[in-house]
Structures are given as C-alpha cells and as structure tokens.
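*Asks:* My questions concern the predicted model and sequence given below.
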Amino acid sequence: MTQKTKKQNQLENKRKQLVHFALKQLGKPYKYAAKKTEIGKMFDCSSLTQYLYKKIGVDIPRSTILQAECGKIIPSHKKPSFFKPTDLQIGDLLFFKGSKGHYNKKFPNGIGHVIMYLGNKKFIHASGQGSKKNQKVKLEKFEKIVNRKDFQIAKRILF
C-alpha cells in the first residue's frame, strides 16, 4: 500500500467516524455558549463541530471565528448556489454571519454560525433558530444551505 493510499484510507475512516458520531447527536438540545461540562448533552454550533472532531482525534478551536481560521479554503461558486455536492467532502465546515457574529480582520463581516457537511446532500448543525422545540441538533438539506445569503467561507479540516 502506498503512502498516499494509506492516508486516503485513514481520512475515509475518519469521515465515516464523523458521520457515526454526528448522527448520535441528533435531537440534543441547543444552548448558546454551552459550557464544557454540558457539551455532549447539549450544544451550540461551534461546540458541536469541536466535539465531533475531538471524537476522531482532531483538535479545533471552540469558537466559530477561530474554527473559520483553521483548515484549507474550499473555493465557492457564484450564484445561484455556492457549492455543488461534488465540491464538498464529509466533515467540511461552512461558516455564516449569524445573529451573534464575531469579528476580526480576516472576517470583517463576522462569523456567527458553523455547519458540517455529512455527505448525501445533508448538513448537521446545532440550531438556535425557531421555536424552543426546534432549537436542537438537526439535519438540513443541501438545497436549503447552499443558497444562503449570509455564507462567508467554507473550510476543509481533513485533508
């Protein structure tokens, strides 16, 4: 087995593990600024992505804006959609402005929400939008996400 094939197999295994752990979090409650002791029982968007990556042995920062500084940029398209399903890989993170954005020189428009691509045209995120009953870890369809006007950047952590 070549070095490249070995690395590809390792990445594929990590991606499968991400999906496995992500699906186990579905339905868990959303809590903005979830504390370390609460994470695993409830999540905000960035604690979910950090938790999932930690489960596969990859450390990423806690906050959305610091997560947006990690990894490799995934080039996006112009309208109507920022991405096609073939542009993304399992584990890719998409960042949006969000209502409680954080700002720095790299992201003057702010970063306030992160979601993870799980493959099969599905994303997972911890959403604080909507009724209390709807504020939870949930799946979103590809079509609902790729046309959002508040999209900022996409990053690949596993490469």
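*Replies:* Arrived safely, thanks for sending.

*Asks:* elements contacting the lowest-mean-pLDDT helix or strand in the chain?
*Replies:* Using mean pLDDT, DSSP states H and E, the weakest-scoring helix or strand in the chain turns out to be helix 142-145, at a mean of 90. With contacts defined as 3 or more CB pairs under 8 Å, 6 or more residues apart in numbering; DSSP states H and E, the packing partners of helix 142-145 are strand 122-126. The C-beta positions use only the backbone N, C-alpha and C, and glycine is treated the same way.

*Asks:* Name every strand pairing with the strand it packs on and say which way it goes.
*Replies:* Within its sheet, strand 122-126 is paired with strand 113-119 (antiparallel), strand 137-141 (antiparallel), according to DSSP bridges.

*Asks:* Using JSON lines, lay out the ones you listed together with distance to L93, mean pLDDT and mean neighbour count.
*Replies:* Compiled in JSON lines, those are given as follows (distance: least, CB to CB, whole Å; pLDDT from 0 to 100; neighbours: other CB atoms under 10 Å):
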{"stretch": "strand 113-119", "distance to L93": "5", "mean pLDDT": "97", "mean neighbour count": "23"}
{"stretch": "strand 137-141", "distance to L93": "14", "mean pLDDT": "97", "mean neighbour count": "16"}
